[in-house]
Structures are given as structure tokens and as C-alpha cells.
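Peer 1: Could you work out the structure for the sequence below:
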Amino acid sequence: MSGSRADPQTEAGIPTQEETDTSAHAILTSERIAGEIRRDDAVMAEELRILAPQRRGVYHRKSKKSSSPAGMRNTDSSSPSLLMASRLGGIAARKSRSDVAAISSVKEKESTETFIERKREMGLVRISLESKKAEIRKLDDAADRAEKQLRQKQDQLESIKEKFNSFLKSSSLEQDAAMRRVDFETKAKYEKMLEIKKLTARIGHIESEMRKINLQLDRCKSYKEFLNGLTKPQWFYNVLVDLRLGDCTQEILEEAEAEYAARAAELKKAVDAATVQEHPERHLSHNPPDSGAHAAANASPADQAECLSIQLNRLHTSIQQSAQNKVKEVQAQLQATIQAMPLEEVKNILDTKYPESRIPLPFRDVNQLLDVFIDIEEGNLFLIQNCQELEEELEGVTISFVNEKNGLQTMVDQRHSQMSVLQEKITATEEKLKELEDRLVALDKPSTVVNGGKPTDALPPPPLPRRTSR
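Peer 2: Below you'll find the model as predicted:
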């Protein structure tokens with residue numbers, strides 16, 4: 001960072017407020033010094049006039065000569081070049097009063113010209129002194145301005161330093177806050193990652209447990225199917241009949257209880273009404289069926305209570321009997337309906353429409369299952385025994401078949417050999433027959449030639465042997 005910045009007014013060539021104030025102060029100081037010089041010149045002229053009255057003409061000439069430069073100074077004091085001279089004249093005017101006595105004694109001894117020359121030299125010395133002092137003041141002012149600017153720069157530097165320190169402090173605070181946020185977020189992220197890992201492990205554990213439970217469920221289902229396969233089909237029909245009969249029985253009992261409560265309330269009302277009624281005949285005319293209530297109304301309170309209980313018992317018995325009859329009818333209908341269903345439909349109804357808690361187990365005791373296994377094992381043993389017997393019979397039949405087949409094959413071979421022998425004999429016999437026929441033909445030819453070409457009665461040829469068919 002740069003320590004200071006250049007003033008834009010200085011860079012643009014515009015005088016600052018300090019330079020303007022300094023110029024105004026210099027102008028005022030120059031005017032004051034010019035006024036003091038004019039007053040000193042007037043005092044000197046008055047002193048010369050007092051000291052040299054006899055040489056008034058010379059004095060006046062000299063004063064004119066000396067006043068002409070003063071007039072020039074006065075005319076030129078307003079210019080910037082004579083500003084320092086006017087300041088020195090003011091300083092000399094301040095010291096003139098203290099040297100009045102010395103000047104008067106010197107003026108008495110010396111001539112007017114010498115006095116004027118010395119006075120001029122003193123003025124020049126004073127002017128040079130005032131110019132030096134003005135330069136010193138100017139340098140002091142410049143030093144003050146430089147010191148002021150330096151203090152301003154130092155103040156600016158201090159403010160910039162404070163701003164920079166505050167910036168560093170705020171930056172360090174922000175950095176600390178950012179680090180704390182980063183630490184907090186890192187910690188939160190780490191905690192989230194740990195939580196995610198825990199949840200992932202928990203999910204994996206739950207999934208493994210679910211797989212185990214599913215395996216157990218499949219195993220239980222297979223066991224259930226196995227037990228259902230061992231269970232007799234009639235058991236499923238009986239269970240479905242019992243379940244539906246239980247539902248129907250519950251409905252019938254609820255209806256019977258409601259009917260009993262309603263009729264018992266009516267009976268009690270009738271008894272109470274008959275008790276408080278003054279004219280029993282009127283009561284009988286209004287309620288002819290309730291003769292028991294009328295009789296109870298004419299009896300004592302104990303008899304009335306006993307009569308009421310008897311009537312309630314009769315009512316309960318009748319309603320119970322009707323409910324039992326309804327249950328029997330419903331049971332018969334359910335058995336007829338369910339027995340007509342196929343077994344798969346019955347199993348489907350038991351699995352879908354009824355909870356597992358209502359369906360009883362087909363085997364409530366291990367011995368029942370063992371009995372079924374024993375029955376199955378006995379059946380398997382019986383079947384194995386039958387299979388063994390059938391295998392033995394099959395083996396005997398197979399052996400007899402092989403023996404008979406071998407015998408028949410031997411017989412066939414013999415017949416084939418006999419047929420070959422007979423065929424050879426037939427062939428030999430046919431050859432002999434052919435030879436005999438040839439000989440017979442040969443014998444017939446000479447007899448025909450001897451008789452002059454006429455046929456003669458010859459002996460018939462011998463009979464040919466018969467050919468045996470195969």
C-alpha cells in the first residue's frame with residue numbers, strides 16, 4: 001500500500017487553499033512594510049529639516065533626490081519585486097525611534113550628504129536583512145508546510161495503519177470464524193458420515209434379518225404345505241364348516257338375546273301394568289294373551305316374582321330352542337354347500353378370508369403327527385412288500401419265459417434242420433424224376449421210327465412220384 005496519494009488539485013496545476021492563504025498573507029505583509037518605509041522617510045525628512053535649516057535649499061534638493069527613489073519604491077512597492085524591500089523598511093522604522101539621539105548627534109557632526117549616504121547604506125542593510133529574514137520566514141513557512149504535510153501524511157499513515165490493522169483484525173476474526181465454521185461443518189459432516197454408516201450398517205443388518213425371516217417364512221410355508229399334505233381333506237371341510245357355523249351361531253345368539261330382552265321387557269311392563277291396574281277385566285280386554293301377567297297381578301309380591309321368573313324361564317327355553325333349531329338348519333345347509341366345493345377352493349377360502357388365529361392346527365399333539373407318520377410308514381412298507389412280491393413273480397415269469405423261449409428256439413432250429421434235409425431230399429428226387437422223364441422221352445422216340453412213322457400203341461409211362469409240399 002502506498003503511504004500517500006497525490007493531491008488531484010496539485011496534479012492539475014490548481015493552487016491549494018494553503019498556497020492561497022500564504023499568498024494573501026505575503027501581500028498584506030508587503031503592504032505593511034511599504035507603509036512603515038513611507039513613515040520612516042517622512043520622519044527622516046522632518047529630522048533633516050530640523051537639523052539643517054541654513055541649508056534648506058540643499059536639503060530640499062537632496063530630499064527631492066532621495067524622495068525620488070522613495071517614490072519609486074512607493075510606486076514599485078506594490079510590485080512583487082519590491083515586496084522584500086518594503087518589509088526591511090518597516091523593520092528600520094521600528095528601530096529609528098531608539099536611535100533618535102544618536103542620529104541627532106551624528107547629524108550635527110557630519111554633513112547632510114554623508115548622513116544620507118550612511119542612512120541609505122543602513123536602509124540597504126536593513127533591506128538585505130529583511131530580505132534574509134523574509135527568506136528565513138519563507139523557509140520556515142515552507143518547513144512548517146512540509147512539517148504540516150508530513151504530519152498529515154503521518155496521520156494518514158496512522159489512519160491507514162489503523163485501517164490496515166483493523167482490516168487484519170477483522171480478516172483474522174473472519175478467518176477464525178471461517179475456521180470455526182469449517183471445523184463445525186467438518187465435524188457435522190463427520191457426524192453425518194458416521195450416522196450414514198450406522199444407518200447403512202443398520203439397514204444391512206435389517207436386510208439380513210429380513211432375508212433370514214423370509215427364509216424362515218418360506219420354510220414355514222413349506223412345512224405348512226407338507227402338513228396340509230399330511231392332513232386329511234375332510235379336516236379342511238370340517239374347519240370351514242365350523243368357522244362359518246361359529247359366525248352364524250354368533251349372529252343367531254345375538255338375535256335371540258335381543259329378542260329375549262325385548263320380550264322380557266314387555267313381560268315386565270305387562271306385569272307392572274297389571275299390578276297397578278284397578279280393573280283386571282279391562283286389562284284382560286286390552287291384553288288377552290298375557291293371562292299370566294293378570295294372574296301375577298292378583299297374587300302376592302313373592303308369587304308375582306316367582307310367576308315372572310317362571311314365565312321368563314319359559315321364554316328363555318323357547319327362544320333357546322328356536323335358536324338351536326336355526327343353528328341345526330344352518331349347519332345342515334353349510335355342510336351341504338361346503339361339501340360340494342372342491343378342496344382347492346376350500347383351502348383358498350381358509351387362507352384368504354380367515355386369520356391364522358381362528359384356524360386351528362391340524363395336529364395339536366406330536367403323537368398325532370407320529371401316528372400319521374407311522375400310518376404312512378406302514379403303508380409304504382405294505383407297498384414295498386407288494387412291490388417285492390411282484391418283483392419275485394415277475395422274475396419267475398421272466399425265467400419261465402426265457403426257458404420257454406429257449407425251448408421254442410431249439411424246436412425251431414430242429415425244424416429248420418429237418419426242413420433243410422427234406423429240401424435236399426426233394427431236390428434229389430426231382431433230379432431223379434427229371435432223369436426218368438428224359439429216359440422215357442428217349443425210349444419213346446425209337447418206337448415211332450420203327451413203325452413207319454405211325455404211332456403205335458405203347459405201354460403207358462410209369463406214374464410220376466408225387467411232390468410233397470413244404
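Peer 1: What helices and strands are in contact with whatever helix or strand Cys387 lives in?
Peer 2: Using DSSP states H and E, Cys387 maps to helix 366-450. With contacts taken as 3 or more Cβ pairs under 8 Å, 6 or more residues apart in numbering; DSSP states H and E, helix 366-450 sits against helix 112-230. For the C-beta atoms, the positions are set from N, CA and C on the backbone; glycine is no exception.
Peer 1: tell me the mean pLDDT over the helix it packs on?
Peer 2: For helix 112-230, mean pLDDT rounds to 87.
Peer 1: Low-confidence ranges, this structure, go.
Peer 2: 1-34, 36-37, 41, 44-45, 47-111, 276-304, 446-470 (pLDDT under 70).
Peer 1: what's the domain layout of it?
Peer 2: Annotated domains of the chain cover 8-166, 233-362, 366-445+463-470 [automatic domain parsing].
Peer 1: Identify each buried residue in stretch 344-357, please.
Peer 2: Neighbour-count burial for stretch 344-357 flags 346-347, 349-350 (criterion: 16 or more other Cβ atoms under 10 Å).
Peer 1: Next: stretch 354-370.
Peer 2: Using 16+ other Cβ under 10 Å as the test for burial, stretch 354-370 gives 362-363.
Peer 1: what's it in contact with?
Peer 2: Applying Cβ atoms under 8 Å, 6 or more residues apart in numbering, the set of residues contacting stretch 354-370 from outside is 227-228, 230-231, 235, 239, 243, 350, 372.
Peer 1: at 10 Å instead, please
Peer 2: Here stretch 354-370 makes contact (Cβ atoms under 10 Å, 6 or more residues apart in numbering) with 224, 227-228, 230-232, 235-236, 238-240, 242-244, 246-247, 350-351, 371-372, 374, 377.
Peer 1: Of the residues you listed, grab the buried ones for ChimeraX.
Peer 2: In ChimeraX, this line selects whichever of the contacts of stretch 354-370 come out buried by 16+ other Cβ under 10 Å:
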select :236,239,240,242,243,244,350,372
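Peer 1: coming back round to it: is it possible to get CSV of the buried residues of stretch 344-357 that adds secondary structure and distance to Met419?
Peer 2: Formatted as CSV, these follow (DSSP: H, G, I helix; E, B strand; the rest coil; distance: Cβ to Cβ, whole Å):
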residue, secondary structure, distance to Met419
Val346, helix, 72
Lys347, helix, 71
Ile349, helix, 77
Leu350, helix, 77
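Peer 1: Between all of those, which two are separated the most?
Peer 2: Lys347 and Ile349 (7.4 Å; Cβ to Cβ).
Peer 1: Can you pull the residues that touch both of the two?
Peer 2: Common neighbours of Lys347 and Ile349, using Cβ under 10 Å, 6+ apart, are 236, 240, 341.
Peer 1: Against Arg180, how distant is the second one?
Peer 2: Look at Leu240 and Arg180: by Cβ to Cβ, to the nearest Å, they are 73 Å apart.
Peer 1: Next: the last one.
Peer 2: With the distance defined as Cβ to Cβ, Met341 ends up 77 Å from Arg180.
Peer 1: which of these two has more neighbours?
Peer 2: The neighbour count for Met341 versus Arg180, taken as other Cβ atoms under 10 Å, is higher for Met341 (15 against 10).
Peer 1: Settle this for me: that one is touching Arg244, isn't it.
Peer 2: No: judged on Cβ atoms under 10 Å, Met341 makes no contact with Arg244 at a distance of 11.6 Å.
Peer 1: Common neighbours of these two, please.
Peer 2: With Cβ under 10 Å, 6+ apart as the test, Met341 and Arg244 both reach Ile349.
Peer 1: ok, residues contacting stretch 176-188?
Peer 2: 170-171, 174, 192.
Peer 1: Can I get that stretch as PDB, trimmed to CA atoms?
Peer 2: Only the C-alpha atoms of stretch 176-188 are listed here, as PDB (Å, rounded to 0.1, in the frame of the first residue of the first chain):
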ATOM      1  CA  ASP A 176     -11.100 -17.600  12.800                       C
ATOM      2  CA  ALA A 177     -14.900 -17.600  12.200                       C
ATOM      3  CA  ALA A 178     -14.400 -19.300   8.900                       C
ATOM      4  CA  MET A 179     -12.100 -21.800  10.500                       C
ATOM      5  CA  ARG A 180     -14.600 -22.400  13.200                       C
ATOM      6  CA  ARG A 181     -17.300 -22.800  10.600                       C
ATOM      7  CA  VAL A 182     -15.100 -25.200   8.700                       C
ATOM      8  CA  ASP A 183     -14.400 -27.100  11.900                       C
ATOM      9  CA  PHE A 184     -18.100 -27.100  12.700                       C
ATOM     10  CA  GLU A 185     -19.100 -28.200   9.200                       C
ATOM     11  CA  THR A 186     -16.300 -30.800   9.100                       C
ATOM     12  CA  LYS A 187     -17.500 -32.100  12.500                       C
ATOM     13  CA  ALA A 188     -21.100 -32.100  11.300                       C
END
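Peer 1: How about that stretch, which residues are buried there?
Peer 2: So for stretch 176-188, nothing qualifies as buried (16+ other Cβ under 10 Å).
Peer 1: Please enumerate the strands of the stretch 201-350 of the chain.
Peer 2: For the stretch 201-350 of the chain, no strands are identified by DSSP state E, counting those that start in this stretch.
Peer 1: Just the ones of the shared contacts of Lys347 and Ile349 in helices?
Peer 2: Cross-referencing those against helices under DSSP state H gives 236, 240.
Peer 1: Make TSV from the shared contacts of Lys347 and Ile349 and add distance to Glu266 to it.
Peer 2: What follows is the shared contacts of Lys347 and Ile349, written out as TSV (distance: Cβ to Cβ, whole Å):
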residue	distance to Glu266
Phe236	45
Leu240	39
Met341	43
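Peer 1: Return the closest of the shared contacts of Lys347 and Ile349 with respect to Thr410.
Peer 2: Nearest member of the shared contacts of Lys347 and Ile349 to Thr410, counting by Cβ to Cβ, is Phe236, at 63.3 Å.
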